[in-house]
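Chemist: fold the following.
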Amino acid sequence: MVFGTALLPLALGSLLTRVRNVFDQLVSANTNDTLDAVVTAMSPKLAARSLETGRKSGLRHGGRSRSS
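Modeler: Sure thing, here's the model as predicted:
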């Protein structure tokens, strides 16, 4: 069961990335006040999540590991 538990965050991260990519494409093609408000509200949360994920995986900006 530990193996399945370890994979869950990876699966959720992958799903979040896929949803974010679709949403970004939607917003770039069709913008309005409602979508702009969602982007404004979610951007800091998604950025924090991305930084947290990078720290947990041992990566820095540029995709290099901390030992590089």
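Chemist: need the next SSE after the helix or strand harbouring residue 27, C-terminal direction.
Modeler: With elements delineated by DSSP states H and E, residue 27 resides in helix 2-29, which encompasses its position. Secondary structure here is assigned by DSSP H and E; on that basis, the next helix or strand after helix 2-29 toward the C-terminus is helix 33-57.
Chemist: what residue ranges in the protein score low on pLDDT?
Modeler: Within the chain, the ranges that satisfy pLDDT under 70 run 1-12, 54, 56-68.
Chemist: rerun at 80
Modeler: Residues of the chain meeting the criterion pLDDT under 80: 1-14, 50, 52-68.
Chemist: so residue 39 sits against residue 27, correct?
Modeler: Yes: counting by Cβ atoms under 8 Å, residue 27 is a contact partner of residue 39 at 6.0 Å. Placement of C-beta: from N, CA and C, glycine included.
Chemist: with only the CA atoms kept, save stretch 37-47 in CSV.
Modeler: C-alpha atoms of stretch 37-47 as CSV (Å, rounded to 0.1, in the frame of the first residue of the first chain):
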residue,chain,number,x,y,z
ALA,A,37,-10.8,36.8,-11.9
VAL,A,38,-10.1,33.0,-11.7
VAL,A,39,-6.6,33.5,-13.1
THR,A,40,-6.0,36.3,-10.6
ALA,A,41,-7.2,34.2,-7.7
MET,A,42,-5.5,31.0,-8.7
SER,A,43,-2.1,32.2,-9.9
PRO,A,44,-0.5,32.6,-6.4
LYS,A,45,-1.9,29.2,-5.3
LEU,A,46,-0.6,27.5,-8.4
ALA,A,47,2.8,29.2,-8.1
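Chemist: now do it: everything it contacts.
Modeler: When contacts are defined by Cβ atoms under 8 Å, 6 or more residues apart in numbering, stretch 37-47 is touched by residues 20, 27.
Chemist: residue 42: how many residues sit nearby?
Modeler: Burial of residue 42, expressed as a neighbour count using other Cβ atoms under 10 Å, amounts to 13.
Chemist: measure it to residue 27 for me?
Modeler: Shown here: residue 42 relative to residue 27, a distance of 10 Å by Cβ to Cβ, to the nearest Å.
Chemist: just residue 20 next, same as before
Modeler: If you measure residue 20 against residue 27 using Cβ to Cβ, the figure is 10 Å.
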